[in-house]
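**Student:** when you get a sec, could you give me coordinates for this:
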Amino acid sequence: MYVTVWPGNVYPLGATWDGKGTNFALFSENATGVELCLFDADGDEIRLPLTEKNNFVWHAYLPGVGPGQRYGFRVHGPWAPEVGHRFNPNKLLIDPYAKAIDDEINDTSAIFGYCLDAPEQDLAFSDLDSAQIMPKCIVIDESFDWGDDKLLSRPWHETIIYETHVKGFTKLHPEIPEELRGTYAGLAHPAAIQYLQQLGITAVELMPVHQFLSRPGFLVDKGLKNYWGYDSINYFTPHSGYSASGTLGQQVTEFKQMVKDLHHAGIEVILDVVYNHTGEGNHLGPTLSLRGIDNSVYYRLVKDDPRYYMDFTGCGNSLNVSHAQVLKLIMDSLRYWVTEMHVDGFRFDLASALARELYEVDNLAAFFDIIHQDPVLADVKLIAEPWDLGEGGYQVGNFPLRWSEWNGRYRDTVRDFWRGEDDSLGQFAYCFTGSPDLYQTNGRNPHASINFITAHDGFTLNDLVSYNQKHNEANKEDNRDGESHNRSWNCGVEGETDDLEVIKLRSRQQRNFLATLMLSQGIPMLLGGDEIGCTQKGNNNVYCHDNELSWRDWDLQKSNAELLDFTRELINFRHQHPVFRRRKWFQGRPIHGFGISDIGWFNADGTEMTEKQWLVSYAKVMQIFLNGEGIVTPGPRGERIIDESFLLFFNAHYEMIEFTLPNVFKDREWEMVINTDEPRFIKPGKFIIGEQTLPVTERSIVVLRRLM
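**Tutor:** Below you'll find the model as predicted:
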């Protein structure tokens, strides 16, 4: 293989084809030398020393080299783990800016920078060459016919998020061709898109699609896999394992087509991104990319002992976001996925780790300042998982303007309320109104709260009402992994049962959770599969199961058709009524007050809630009035928005309660529109008038609509 080498340019980083040749550029501040390694179809390698270096960027231009070319880097420098340097040119390294990667990583000792059997462990230098078993980076042609596609920019208050997994959603879908199941093309198949549309979803939040790995030695030895994908090894490449069309750049085109097709159906694409750590793990992990390129630049090292890594994530390492090049890497990645891949937003895994400039969490860290002023990211949705595993990492409510947050307090409070915990009524009311106690004081609006009952991490909705304890034995960690305090309630029997009364209660509890979610102010996020009662058999941490335990069981569409229909009607009901998705906060006091025009709080007997009654620990019953004529924010063209008005009866008590209409509403006729004691939406026709009382079944919700 003969290759001509020209000096090239420092920018852009990565491999960039211009139609005539390819520019290669790699940042390494502490390297003493860099080799660009090209591979032909037979795996033969040619090494090209990069002699041009400017601003710590090593670069070259190769005329005649174009799309499909397989490549990697070898980086020379000191092997001195005790001071933070782990250079080893025997290890082929993945380009941090690669746009496509052609394979998975094979499990072998050659990918480790040190000798696995040495008594010195990671201090012992390995001379094993990893090139033959490492995946290769691919030069790609970035052109794609987007037509008139652009970001959908759907207003936040109109958004319904559906968290799902590319493979898990499609792997068992009977209407998707078998060769497309588990892929980007499968998610873009008309059957998948039609399902999402009929459900009323406006945005899919995809679990990680950045190239990731199953960490060698940890999972592979147990016969398990990294199914969730929270071990990214590159921040620009769509995971090749989800491609139906090929891995030599075809995965990029396939991903783009998926986004285009979802956009055409009116569905936004939000990516779950993991910029807090990489799949290289701790000091005993493999050398795959950043560790071998410049370990002390890219990772947070222990100040007094830089052989080891600061770990705020529980995954072995944390990215060094305080370094300008690491910030640049993250920002370049975000911009790439918006400009080149047309994604509509991001959910940042363990986002508090990104705010740690030194040690403490700082919500004015450089990372957030840079995002705030970036014009490319000005109109995308930004969602934080507002915690990490470090001290002070739980930061719900503390993220800056423009950020929405997974509201963990909402999840916990709503779970506690419906399982009958004391001292939950007042906090439940805050959560129902969008959590103004968390988000109003710093200038944010209700959409700052991403409300959820369940997510990928934890029980499914079916399991939340079926298990008191986690059952993670299949993870082969002696049931030690996963959250132990789930705030779940099995309704009397642990796991599967034939008891019809327990089954009936569990079904009602699922409807209670779904109704609460869709009727609350803020942005609802539904865990994919909850609408058809998917189960993980009590496993609340299925990160390592790429099998039927995690994949969507589409047969449940038939057996749980009533739950699916209820969820569809509930989402449609929210879409129809702006009173449940206000853009601004209620104007009265956050919870209660006298003479409130847009919201009112009442006891079951119709009297207004008093200050003292909010403090009653055993209180589990209330009425909420939502005034459809009290919406002060205008519509998109400045028009006044008027909706119907509703009374919502919440009974989390273990006995039936007789509700009475408040006196101020007895001169109107009311129609029941929702009753979670029923498996389906109520058909119009059941009216409530005057002094008539309404029995509300234990642990259920009733919604009345005021007739004009």
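**Student:** any low-confidence regions in the protein?
**Tutor:** Along the chain, the model assigns pLDDT under 70 to residues 1, 107, 216, 357-359, 362-364, 588-596, 708.
**Student:** I'd like to know how many residues surround the closest residue to residue 449 other than its chain neighbours.
**Tutor:** Leaving aside its sequence neighbours, residue 449 sits nearest to residue 522 (CB to CB, 6 or more residues apart in numbering; 3.6 Å). All C-beta atoms are positioned from the backbone trio N, CA, C, and that covers glycine. Neighbour count of residue 522, defined by other CB atoms under 10 Å: 27.
**Student:** check residue 500 too.
**Tutor:** Counted with other CB under 10 Å, residue 500 comes out at 8.
**Student:** how much space between it and residue 419?
**Tutor:** 21 Å (CB to CB, to the nearest Å).
**Student:** ok, back up a step: now do the same contact list for the residue nearest to residue 449.
**Tutor:** 407, 410, 434-435, 446-451 (CB atoms under 8 Å, 6 or more residues apart in numbering).
**Student:** which strand residues bridge the residue most central in space within the chain?
**Tutor:** Nearest to the mean C-alpha position of the chain, counting by CA atoms, centre = their mean, stands residue 272 at 4.2 Å. Counting by DSSP bridges, residue 272 is bridged to residue 347.
**Student:** hang on, it packs against residue 204?
**Tutor:** No - applying CB atoms under 8 Å as the test, residue 272 and residue 204 come out as separate, 10.5 Å apart.
**Student:** what's the overlap in contacts for those two?
**Tutor:** Joint contacts of residue 272 and residue 204 (CB under 8 Å, 6+ apart) are residue 163.
**Student:** tell me where this structure has helices.
**Tutor:** Along the chain, the stretches classed as helices by DSSP state H are 166-170, 184-187, 190-199, 250-264, 290-298, 324-339, 366-373, 408-418, 425-432, 436-439, 461-464, 500-519, 556-559, 561-576.
**Student:** got JSON lines for these, with distance to residue 5 too?
**Tutor:** Converted to JSON lines, the helices of the chain look like this (distance: least, CB to CB, whole Å):
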{"stretch": "helix 166-170", "distance to residue 5": "39"}
{"stretch": "helix 184-187", "distance to residue 5": "35"}
{"stretch": "helix 190-199", "distance to residue 5": "46"}
{"stretch": "helix 250-264", "distance to residue 5": "26"}
{"stretch": "helix 290-298", "distance to residue 5": "20"}
{"stretch": "helix 324-339", "distance to residue 5": "24"}
{"stretch": "helix 366-373", "distance to residue 5": "34"}
{"stretch": "helix 408-418", "distance to residue 5": "53"}
{"stretch": "helix 425-432", "distance to residue 5": "61"}
{"stretch": "helix 436-439", "distance to residue 5": "55"}
{"stretch": "helix 461-464", "distance to residue 5": "58"}
{"stretch": "helix 500-519", "distance to residue 5": "58"}
{"stretch": "helix 556-559", "distance to residue 5": "58"}
{"stretch": "helix 561-576", "distance to residue 5": "58"}
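**Student:** related to what we said a few turns ago, what residues are up against the residue nearest to the centre of the chain?
**Tutor:** 163, 205-208, 346-347, 349.
**Student:** got the residues you listed as a markdown table, with neighbour count and distance to residue 391 columns?
**Tutor:** Converted to a markdown table, those look like this (neighbours: other CB atoms under 10 Å; distance: CB to CB, whole Å):
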| residue | neighbour count | distance to residue 391 |
| --- | --- | --- |
| 163 | 24 | 28 |
| 205 | 26 | 28 |
| 206 | 25 | 31 |
| 207 | 24 | 27 |
| 208 | 21 | 26 |
| 346 | 24 | 26 |
| 347 | 26 | 24 |
| 349 | 25 | 19 |
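**Student:** now those in TSV, with distance to residue 512?
**Tutor:** Output for those, formatted as TSV (distance: CB to CB, whole Å):
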residue	distance to residue 512
163	20
205	23
206	28
207	26
208	31
346	31
347	26
349	29
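**Student:** strands - which of these land there?
**Tutor:** 163, 205-206, 346-347 (DSSP state E).
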